[in-house]
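Student: prediction below, plus the sequence it came from.
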Amino acid sequence: MKRRLLLILAAVGAIAATNAGLFLFAQRSVQHELDSTAATLAKRVASVQGRARALADDAHRRWLAQQPQTNPCDDAFTASLRHLADSVPYVKGISLLQGATLACTSLPDVAQEQVDRMLGRLLVGDNYLPASALNFNSPGLVQYYPYADGFNVLSVLQAEYFLDLLGTQDPARYRQVVLRVKSTYLRSDRQVGPHLPVLAHEWGSAAVPGGAQVYVEASGTLWWQYVRDSVVTWNLIAAGVLWMLLGLCRRLTSNERAFDRVLRKAVAGRVIVPYYQPLFDLPGQGLSGVEILARWPLPDGRFVPPDVFIARAEKSGVIGDLTRLLIGRVIDDLPALRLPPGTRLALNLPPELLADEALFAYIEHWGHTLQAHRLQPVIEVTERSFVTIAQTDKINDVFGRLRDHGIEVALDDFGAEYSSLGYLHRFRFDYVKIDGLFLDGIGKRREVERVLDGVLNIASSLELKVVVEKVETPVQLAYLNDRKVGAAQGYYFGRPVSIDVWRTEAGGCARHRGGCDHSVAECEQERAINEASFPCPR
Ligand SMILES: Nc1nc2c(ncn2[C@@H]2O[C@@H]3COP(=O)(O)O[C@H]4[C@@H](O)[C@H](n5cnc6c(=O)[nH]c(N)nc65)O[C@@H]4COP(=O)(O)O[C@H]3[C@H]2O)c(=O)[nH]1
């Protein structure tokens, strides 16, 4: 439940952060779109102006070629100018001027004073002329091209063409699009004026080579369109992913719940049993202890891995019942174990379980029973269970009470993943069990040996007795003997076995092992052949 809440909180936080990012992103995208639309329009305006310029150059060239004639602006030349102007749809007319005086024009029925008026307006910087001024049915934009030889060309471009161009932009995205040519502002709503209209929303702009400028203003909804497209889309995706994660989480927790149910049943049905693994003193290899390890056999002969079901048992709280079950079975098994007086019998326990008074009483009873059989009870606690400094006093108190009842406390898995040297001075242990993690590297990797040497040195300087776990080879054993390690446990000496196997083979081999330097497996093989004795294999 807590995990799910955390997951939901993390998801909500991630969605909020993503949305903030997406809102900013939408803002930047709007600006980018406005600028790039303005740039595209500016390019189209520039290309129109470029063609008009090329036309003016052509007209100027033809006019120069016409010069030797006495009347260069004859009907044929005027017709050729008109033909030139008609070749480009948005060019209404071309006029050639000598200085400010009209020399020749393609404009139909244009009176001299009309052109003069046009020139007058051009000189004050206006280049937009209403239809009436040109005797046209549409207004014009006048382009003025001066040449070095004193001739000038005027091109009258149809303003409608530019207004149409601005009007092609989607009004749902852009509130207005404005083209400024000199001091004239043409707008997408087909209005023309001498001032830039107020741009109330966000806007972008782009310059047209030659001095014109395009402005594109966002509509009031453009930002929301981005929000809808990006934020909504991403949120839908995020919601989908979250939904899948929650489903997965629910499935996992329901799997865990199902596992817990089966585990509870296995404990209630006494399916889980203790296995026994011997510990030996070094270098003599006399049996010094036995570790109790839980085993959950399945009907098909396989076993549920202990670290899997123990971890679940600790999480779900079944561990208390499981420990009770094991303690009861170990007490039942005591006669069959036939352990020599003084042998340690070690039970694994997460220390927080000791706070449970009912269970503590049960452990106390187990300790007394073992002592009655002249055995030494030991509780092995795993480091990963100790979490906070605040618990130190409480745990030390519990350890003290165990010792009062003659029960020893050992630190399990020292040097493994959860290792913290702090535990060694915060708690008093009767001995530490060093994880076999490092043994793999013995004889192969010098640095691993150094780490193990370091761990052994720490234990020795704190005057702690040591048991090294997971000894599997004679090379590892020789190394431990070399370092004067007090005791060892591992497959080299014997695997964890059921009480039946212990009674018939392994137990005898373990008890008779003192002085042997060969594997217990060999002893067990020989014992299987010759049931009468427990030879020390040589
Ligand atoms: N590779 C290798 N492994 C070796 C060798 N010799 C022994 N082992 C394995 O090493 C583990 C030693 O137990 P642990 O460190 O207390 O680690 C135990 C202990 O922390 C926990 N556990 C097992 N039984 C109980 C139990 O009854 N109660 C509690 N609370 N925890 C238990 O589960 C852990 C895993 O148990 P197991 O799978 O039985 O694994 C056991 C044992 O089977 C060896 O030579 N090589």
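Tutor: Alright, I've got the coordinates. Residues are numbered from 1 along each chain as shown.

Student: could you give the mean pLDDT of the longest helix along the chain?
Tutor: The helix spanning the most residues in the chain, taking DSSP state H as the definition, is helix 2-66. pLDDT averaged over helix 2-66 equals 89, rounded to a whole number.

Student: after it, next one along is what?
Tutor: Toward the C-terminal end, the helix or strand that comes next after helix 2-66 (DSSP states H and E) is helix 75-86.

Student: gap between the residue lying farthest from the centre of the chain and the ligand?
Tutor: Relative to the C-alpha centroid of the chain, counting by C-alpha atoms, centre = their mean, Thr70 is the outermost residue, at 85.3 Å. Per C-beta to the nearest ligand atom, to the nearest Å, Thr70 is found 117 Å from the ligand. Where C-beta positions appear, they are placed from N, C-alpha and C, glycine not excepted.

Student: go on, Ala313?
Tutor: For Ala313, the distance to the ligand - C-beta to the nearest ligand atom - is 8 Å.

Student: got the contact list for the residue farthest from the centre of the chain?
Tutor: Shown in contact with Thr70 (C-beta atoms under 8 Å, 6 or more residues apart in numbering): no residues.

Student: just to revisit the earlier point, centre of the chain to the longest helix of the chain, how far?
Tutor: When distances are taken as C-alpha atoms, centre = their mean, to the nearest Å, helix 2-66 is centred 32 Å away from the chain's centroid.

Student: cool, stretch 444-459 as well?
Tutor: 37 Å.

Student: and the ligand, is the top strand by length along the chain touching that?
Tutor: Assignment by DSSP state E gives strand 287-297 as the longest strand of the chain. Yes: shown here: strand 287-297 in contact with the ligand (C-beta under 6 Å from any ligand atom) through 293-294.

Student: just after that strand, pick out the following helix or strand.
Tutor: Assigned by DSSP H and E, the successor of strand 287-297 is strand 303-304.

Student: pairing partners for that next one, with directions?
Tutor: The strands beside strand 303-304 in its sheet (DSSP bridges) come out as strand 287-297 (antiparallel).

Student: and the nearest residue to Gln176 once chain neighbours are set aside, what is it in contact with?
Tutor: Ranked by C-beta to C-beta, 6 or more residues apart in numbering and with sequence neighbours excluded, the top spatial neighbour of Gln176 is Glu217, at 5.0 Å. With contact taken as C-beta under 8 Å, 6+ apart, Glu217 is in contact with 34, 174-178, 199-203.

Student: kindly calculate the angle that the helix or strand harbouring Glu217 makes with helix 2-66.
Tutor: Take DSSP H and E as the rule and Glu217 turns out to sit in strand 212-218. If you take axes from the mean of the first three to the mean of the last three C-alpha atoms, to 10 degrees, strand 212-218 sits at 150 degrees to helix 2-66.

Student: which bits of the stretch 251-400 of the chain sit near the ligand?
Tutor: 277, 293-294, 306-307, 310, 326, 348-350, 380, 382.

Student: need those residues in a markdown table (columns: pLDDT).
Tutor: Shown next, in a markdown table, are those (pLDDT from 0 to 100):
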| residue | pLDDT |
| --- | --- |
| Gln277 | 96 |
| Leu293 | 97 |
| Ala294 | 97 |
| Pro306 | 95 |
| Asp307 | 91 |
| Ile310 | 94 |
| Leu326 | 97 |
| Asn348 | 95 |
| Leu349 | 91 |
| Pro350 | 85 |
| Glu380 | 94 |
| Thr382 | 76 |
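
Student: separate out the buried members of these.
Tutor: 277, 293-294, 306, 310, 326, 348-350, 380, 382 (16 or more other C-beta atoms under 10 Å).

Student: of these, which is the nearest to Lys444?
Tutor: Gln277 (25.2 Å; C-beta to C-beta).

Student: can you name the residues that contact the residue in the stretch 151-300 of the chain that the ligand sits nearest to?
Tutor: For the stretch 151-300 of the chain and the ligand, the shortest gap (C-beta to the nearest ligand atom) falls at Ala294, measuring 3.4 Å. When contacts are counted by C-beta under 8 Å, 6+ apart, Ala294 touches 272-275, 306, 309-310, 322, 326, 348.

Student: bridged to it, which residues?
Tutor: Beta-bridge partners, per DSSP bridges, of Ala294: Pro274.

Student: same question, Phe303
Tutor: Under the criterion used (DSSP bridges), Phe303 bridges to Pro297.

Student: quick one: it and Leu293 touch, right?
Tutor: No: using C-beta atoms under 8 Å, Phe303 is not in contact with Leu293; the gap is 10.7 Å.

Student: shared neighbours, the two?
Tutor: If you check Phe303 and Leu293 against C-beta under 8 Å, 6+ apart, no residue is contacted by both.

Student: which residues in the stretch 401-538 of the chain form helices?
Tutor: Taking DSSP state H, counting those that start in this stretch as the test, the helices found in the stretch 401-538 of the chain are 422-426, 446-461, 474-482, 499-501, 507-511, 520-529.

Student: name the residues that touch the shortest one?
Tutor: Read it as helix 499-501. So helix 499-501 is contacted by 273-274, 276, 333, 336-337 (C-beta under 8 Å, 6+ apart).

Student: one more time with 6 Å, if that's ok
Tutor: By C-beta atoms under 6 Å, 6 or more residues apart in numbering, the residues outside helix 499-501 that reach it are 333, 336.

Student: what comes up buried for that helix?
Tutor: Buried, per 16+ other C-beta under 10 Å, within helix 499-501: 499, 501.

Student: near the ligand, which residues of the stretch 1-150 of the chain show up?
Tutor: By C-beta under 6 Å from any ligand atom, no part of the stretch 1-150 of the chain sits against the ligand.

Student: can you name the residue of the stretch 1-150 of the chain nearest the ligand?
Tutor: Closest point on the stretch 1-150 of the chain to the ligand, by C-beta to the nearest ligand atom, is Arg3, at 22.7 Å.

Student: how many neighbouring residues does that residue have?
Tutor: By other C-beta atoms under 10 Å, 10 other residues sit near Arg3.

Student: can you offset everything so residue one is 213?
Tutor: Noted, 213 is the first residue going forward, which turns the last one into Arg215.

Student: now do the contacts for it.
Tutor: Arg215 neighbours (C-beta under 6 Å, 6+ apart): none.

Student: same thing but 10 Å
Tutor: Shown in contact with Arg215 (C-beta atoms under 10 Å, 6 or more residues apart in numbering): 461, 464-465.

Student: gap between it and Thr380?
Tutor: The gap separating Arg215 from Thr380 is 57 Å, by C-beta to C-beta, to the nearest Å.

Student: ok, now Gly529?
Tutor: 72 Å.

Student: same check, this time on Glu681
Tutor: Distance, Glu681 to Thr380, using C-beta to C-beta: 81 Å.

Student: looking at these two, which one has more neighbours?
Tutor: Glu681 (21 against 10).

Student: for the closest residue in space to the more buried one that isn't next to it in sequence, grab the count of nearby residues.
Tutor: In space, and not counting its chain neighbours, Glu681 is closest to Gly648: 4.5 Å by C-beta to C-beta, 6+ apart. Counted with other C-beta under 10 Å, residues neighbouring Gly648 total 21.

Student: OK, contacts around the closest residue to Ser241 other than its chain neighbours?
Tutor: Nearest non-adjacent residue to Ser241, counting by C-beta to C-beta, 6+ apart: Tyr438, 5.2 Å away. Residues near Tyr438 by C-beta under 10 Å, 6+ apart: 234-235, 237-242, 245, 430.

Student: are we agreed that Tyr438 is in a helix?
Tutor: Yes: using DSSP: H, G, I helix; E, B strand; the rest coil, the assignment for Tyr438 is a helix.

Student: so Tyr488, which state does it fall into?
Tutor: strand.

Student: same deal with Pro552?
Tutor: Pro552 ends up coil, using three-state DSSP.

Student: Val709 against Leu549, yeah?
Tutor: No: with contact defined as C-beta atoms under 10 Å, Val709 and Leu549 do not form a contacting pair (11.2 Å).

Student: please consider this matter closed, and thank you.
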